[in-house]
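1. Next comes the sequence, and after it the predicted model I'd like to discuss.
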Amino acid sequence: MPNPWKSFSKLLAPGARTIVTVQTVNSDGTSVVELRSGDTIRVRGDSVAATEKAIIQNGEIKGKAPDLPEQTVEV
C-alpha cells in the first residue's frame with residue numbers, strides 16, 4: 001500500500017523560484033546574490049557569473065535567468 005504522505009508531497013511544489021542578481025562568486029562553491037528587495041544572501045552554486053541574473057530555489061542556483069526588464073504591479 002502506498003504511503004499517503006509521499007503521495008501528497010508529490011503534489012506540492014518543490015519550492016519557490018526567485019530571480020536574483022549574482023554579486024560575487026566565491027571559491028567555496030557559493031555565491032552572494034541580491035534579491036529585488038536589495039537584500040543579499042549566500043546561496044549554493046557558482047555556475048552563474050557575477051552581475052548576471054540567476055534563478056534560485058531552496059537556497060541553490062538552478063541556472064542562468066534571462067536579463068528581462070522588471071516590473072512591479074500592485075493590486
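-> Structure's in. What do you need? Residues are numbered from 1 along each chain as shown.
2. which residues in the protein form strands?
-> Along the chain, the segments classed as strands by DSSP state E run 17-25, 30-34, 40-44, 53-57, 60-64.
3. Relative to Q71, tell me which of the ones you listed wins on proximity.
-> For Q71, the closest of the strands of the chain is strand 17-25, at 12.1 Å, according to C-beta to C-beta. Any C-beta I mention is one placed from the backbone N, CA and C, and that applies to glycine too.
4. by contact count, what packs against the closest one?
-> In terms of contact count using 3 or more C-beta pairs under 8 Å, 6 or more residues apart in numbering; DSSP states H and E, strand 17-25 is assigned the packing partners strand 30-34, strand 53-57.
5. pLDDT score for the spatially most central residue of the chain?
-> With distances taken as C-alpha atoms, centre = their mean, the chain has I56 as the residue nearest its mean C-alpha position (1.0 Å). According to the predicted model, the pLDDT of I56 comes to 97.
6. give the contact list for it.
-> In this structure, I56 makes contact with R17, T18, V20, V33, V43, G45, K62, judged by C-beta atoms under 8 Å, 6 or more residues apart in numbering.
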